[in-house]
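I would like the atomic coordinates for the input below:
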Amino acid sequence: MSNKRNEQRDLALKQLVANFEEQLSQQKTPFLSQEQFEDLLGYYFDRDDFDLTLHAADLAIEQHAYTPEFYKWKALIHKINLQEREAFAALEKLAIYAPNDEECQMLRLEIYVHFGKTTEAKELLDVLYARVEGRKKKSLLFFFQGLVLLQEGDVTGSWHALLKAIKLDPNQEPALDEALNAGEFDHLRGGLGEKLRNVLDKNPFNHLVWYYLGMWYDDYGNDFKAMDAFANARSLNQKEARYELDYADKLFDLNRHEAALAAYQAYFELPGAETTYETYMRVGRSYQMLDHFDLAKEAYFRAAEADPQMYDCFQHLGECFAAEGKWGMAAHNYGRAVELPGHTAECFLGLGLCLSAQNEAEPAEIAYQKAIAADARYSDAIVSFAIFLVDNGREGEGLDLMQSKLKEYEDANLLYGMVAVCLVANKRSQALEYLNEALASYREDQDMLLEWYPDLRNDHEINAIFELYKS
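Numbers count the residues shown, from 1 in each chain. Reported below is the predicted structural model:
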């Protein structure tokens, strides 16, 4: 029965909104009851449509001038819109019709704090501390006190006020958010985790505190504890989309891609889930790491739809098509990537490799050169270009490139790459000299050579040298 009533209410609200907007479009004035205006105000406010919220509040006041609730809405929206004079004008009207209403006084306090009226806010705080009862309301007062103290530069006093607010009401999210995120508390925030754990010792079923503890762990680089805290939050409240998303993101960060994909799927099924570029990219990357390239591409295409100006979705599409041997499609997507702002040398390298695979030597060479121009010490691009030159009968140029770069700098990738280039150029004795040099300096990175030249896995002489350096 309750579901049926909810459906009927939703239908009635949709009809009310449609009629209201139709009358406005015809420049007619809708005449509505107080209850209908309250429904409209809540509807538009929940959708962040503050212009229509304010318009509905003005109409409501015209038709129901003695109802304090509508002045509250008007003051609140003016506060959000940073319209100080209008906000205080609405408060003055509110004071006429509800002079002693506690909720109205709380709203006045909120607006004082919002516009930095610290003197007025402190005077009202003194009045409210004497009148207000209940832990939740006291918590809200300490929260506002913390903001006032912060505005006055008393960071330590502000911090302790926020901690009191959290202790009185651990579900008071504005205080939790301020304590976790305000930059002024960077030197004090290290102790927040203990305070949150103390709250959970008393009530381990508080999903909001578990969530904030997870974010605190995440800020301090404790990934596994962050994951566990997010897991506890989502298990205690399975309808909160942000819990599921942060849990999925943390699984992704820890390379637990199958579990991350299951969590992302659960997230997308929740009300309030947002189909953002970042989330689709993480979904795509998870599928890509599991070699599910079709599903990865589908996610990357959705990411591109969400923000077509981001280069990396096209870069990863290129990687997926390349892994499938679809060089033309891979080159097309790498080509799109290099046309977009922020692209990296890696995109040009991917384009060069795909063009090489299609025997398009001239554009491939240009792509390799652009990769190296973008990053003069990008060893992957340097070695790939050198091998390309050798493969195309320009052995001397390839070897000269490697030798000149080794004079500029040295890393494991470049040195093992030199071994590979020598082998491709059929200069085995020179390759073995470089191999001994590479193993002497970078033995733990020897697999880099096999990445450049996989056939060496069956080369007995090379394997014997590897074994010699193990001892």
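
which stretches of the chain have low pLDDT?
1-6, 471 (pLDDT under 70).

domains in it, by residue range?
Using automatic domain parsing, the domain parsing of the chain gives 1-99, 376-471.

any figure for the gap between A12 and L125?
Distance of A12 to L125, computed by CB to CB, to the nearest Å: 41 Å. Yep, even glycine has a C-beta here, placed from its N, CA and C like the rest.

more crowded one of these two?
In this view A12 and L125 are compared by other CB atoms under 10 Å, and L125 has more residues nearby, 19 against 12.

return the residues in contact with the more buried one.
L109, L141, F144, Q145, V148 (CB atoms under 8 Å, 6 or more residues apart in numbering).

can you rerun that using 7 Å?
Residues near L125 by CB atoms under 7 Å, 6 or more residues apart in numbering: L109, L141, F144, Q145.

and it, which helix or strand is it part of?
helix 118-131 (DSSP states H and E).

what residues sit buried inside that helix?
Using 16 or more other CB atoms under 10 Å as the test for burial, helix 118-131 gives T118, E120, A121, K122, L124, L125, L128.

tell me the one among those nearest to K137.
L128 (8.3 Å; CB to CB).

list the buried residues of the longest helix belonging to the chain.
For the chain, the helix that runs over the most residues, judged by DSSP state H, is helix 2-25. By 16+ other CB under 10 Å, the buried positions in helix 2-25 come out as L16, F20.

just the CA trace of that helix, in PDB.
C-alpha atoms of helix 2-25 as PDB (Å, rounded to 0.1, in the frame of the first residue of the first chain):
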ATOM      1  CA  SER A   2       2.800   2.400   0.900                       C
ATOM      2  CA  ASN A   3       4.400   1.900  -2.500                       C
ATOM      3  CA  LYS A   4       1.100   2.700  -4.200                       C
ATOM      4  CA  ARG A   5       0.700   5.900  -2.100                       C
ATOM      5  CA  ASN A   6       4.200   7.000  -3.000                       C
ATOM      6  CA  GLU A   7       3.500   6.400  -6.700                       C
ATOM      7  CA  GLN A   8       0.300   8.400  -6.400                       C
ATOM      8  CA  ARG A   9       2.100  11.200  -4.600                       C
ATOM      9  CA  ASP A  10       4.900  11.300  -7.300                       C
ATOM     10  CA  LEU A  11       2.300  11.500 -10.100                       C
ATOM     11  CA  ALA A  12       0.500  14.300  -8.300                       C
ATOM     12  CA  LEU A  13       3.700  16.200  -7.800                       C
ATOM     13  CA  LYS A  14       4.600  15.800 -11.500                       C
ATOM     14  CA  GLN A  15       1.200  17.100 -12.500                       C
ATOM     15  CA  LEU A  16       1.500  20.000 -10.100                       C
ATOM     16  CA  VAL A  17       5.000  21.000 -11.500                       C
ATOM     17  CA  ALA A  18       3.700  20.600 -15.100                       C
ATOM     18  CA  ASN A  19       0.700  22.800 -14.400                       C
ATOM     19  CA  PHE A  20       2.800  25.400 -12.600                       C
ATOM     20  CA  GLU A  21       5.400  25.700 -15.300                       C
ATOM     21  CA  GLU A  22       2.700  25.800 -18.000                       C
ATOM     22  CA  GLN A  23       1.000  28.700 -16.300                       C
ATOM     23  CA  LEU A  24       4.300  30.500 -16.000                       C
ATOM     24  CA  SER A  25       5.100  30.000 -19.600                       C
END
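
next structured bit after it?
In N-to-C order, the element after helix 2-25 by DSSP H and E is helix 34-46.

which helices and strands sit right next to that following helix?
When contacts are defined as 3 or more CB pairs under 7 Å, 6 or more residues apart in numbering; DSSP states H and E, helix 34-46 sits against helix 2-25, helix 50-63, helix 68-80.

in it, what counts as buried?
Q36, F37, E38, D39, L40, L41, Y43, Y44, F45.

what's the angle between that helix and helix 68-80?
20 degrees (axes from the mean of the first three to the mean of the last three CA atoms, to 10 degrees).
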